[in-house]
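Student: Take this sequence and fold it.
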Amino acid sequence: MDELDRKILELLQENARMSYREIAKAVGVAVGTVYNRIKRMEEEGIIKGFYVGIDYEKVGFGLTAVVGIKARGKDIVRIEREIAGSPRVMQVYDVTGEYDIIVVAKFRDRADMNRFVKWLLSLEGVEKTNTSVVMDIVKEKPSIKIEVSEGL
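Tutor: A predicted model of the protein is given here:
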């Protein structure tokens, strides 16, 4: 990946609907170059998809929870895959520390979250969970700045 790839990725993160022509104009290269770079990044798995930013509260999913899960070692990968298949789950992380798995999920209400947590606890190999309800979303963006620089 070079600086041109990074610039293209930054533009796509800001607006995944940008046309090849708009991107080419913004970075100062030919449309064909942009097309080839994006196609290559998709083939290499750098670009995994194009996403729409949604205000989940406005579409009925106003409750966000972060769930820590302690699981038996031999079952962790299977449990993570099962959890990843849930339509409420946004992220599943295999982590170090007190918990083995961290899950971020969205729910319609407390009853919806309660059903999900009870389902988690019913999974073979899940030993315990710790659920934190998000009180306020300060930043929720599925992207970071990918330029090469130091500091924050």
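Student: What is the strand or helix carrying residue 7 packed up against?
Tutor: According to DSSP states H and E, residue 7 maps onto helix 3-14. Judged by 3 or more CB pairs under 8 Å, 6 or more residues apart in numbering; DSSP states H and E, helix 3-14 is in contact with helix 20-27, helix 31-43. From N, CA and C alone the C-beta is placed, and that goes for glycine too.
Student: Quick check: buried residues in the longest one?
Tutor: Residues of helix 31-43 classed as buried under the neighbour-count rule (16 or more other CB atoms under 10 Å) are 33-34, 37-38, 41.
Student: Next, the angle from that helix to helix 3-14.
Tutor: 80 degrees (axes from the mean of the first three to the mean of the last three CA atoms, to 10 degrees).
Student: and what of the first one?
Tutor: Here the directions of helix 20-27 and helix 3-14 differ by 120 degrees (the same axes, to 10 degrees).
Student: just use 16 as the starting number from now, easier for me
Tutor: Sure thing, new numbering starts at 16, so read that last one as helix 35-42.
Student: For helix 35-42, give the mean pLDDT please.
Tutor: Helix 35-42 carries an average pLDDT of 96.
Student: before we move on, what about the longest one?
Tutor: The average pLDDT for helix 46-58 rounds to 96.
Student: What of stretch 113-122?
Tutor: 98.
Student: now it: how far from the chain's centre is it?
Tutor: Distance of stretch 113-122 from the chain centroid (CA atoms, centre = their mean, to the nearest Å) equals 12 Å.
Student: Pull out the buried positions in it.
Tutor: 114-122.
Student: In helices, which of the residues you listed fall?
Tutor: Cross-referencing the buried residues of stretch 113-122 against helices under DSSP state H gives no overlap.
Student: Send me the helix holding residue 22 as PDB with only the CA atoms.
Tutor: In PDB, the C-alpha atoms belonging to helix 18-29 read as follows (Å, rounded to 0.1, in the frame of the first residue of the first chain):
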ATOM      1  CA  GLU A  18       0.200   7.000  -0.300                       C
ATOM      2  CA  LEU A  19      -2.200   6.900  -3.200                       C
ATOM      3  CA  ASP A  20      -4.000   3.900  -1.800                       C
ATOM      4  CA  ARG A  21      -4.200   5.600   1.500                       C
ATOM      5  CA  LYS A  22      -5.800   8.700   0.000                       C
ATOM      6  CA  ILE A  23      -8.300   6.600  -1.900                       C
ATOM      7  CA  LEU A  24      -9.200   4.700   1.200                       C
ATOM      8  CA  GLU A  25      -9.700   8.000   3.200                       C
ATOM      9  CA  LEU A  26     -12.000   9.300   0.600                       C
ATOM     10  CA  LEU A  27     -14.000   6.100   0.500                       C
ATOM     11  CA  GLN A  28     -14.300   6.100   4.300                       C
ATOM     12  CA  GLU A  29     -15.800   9.600   4.200                       C
END
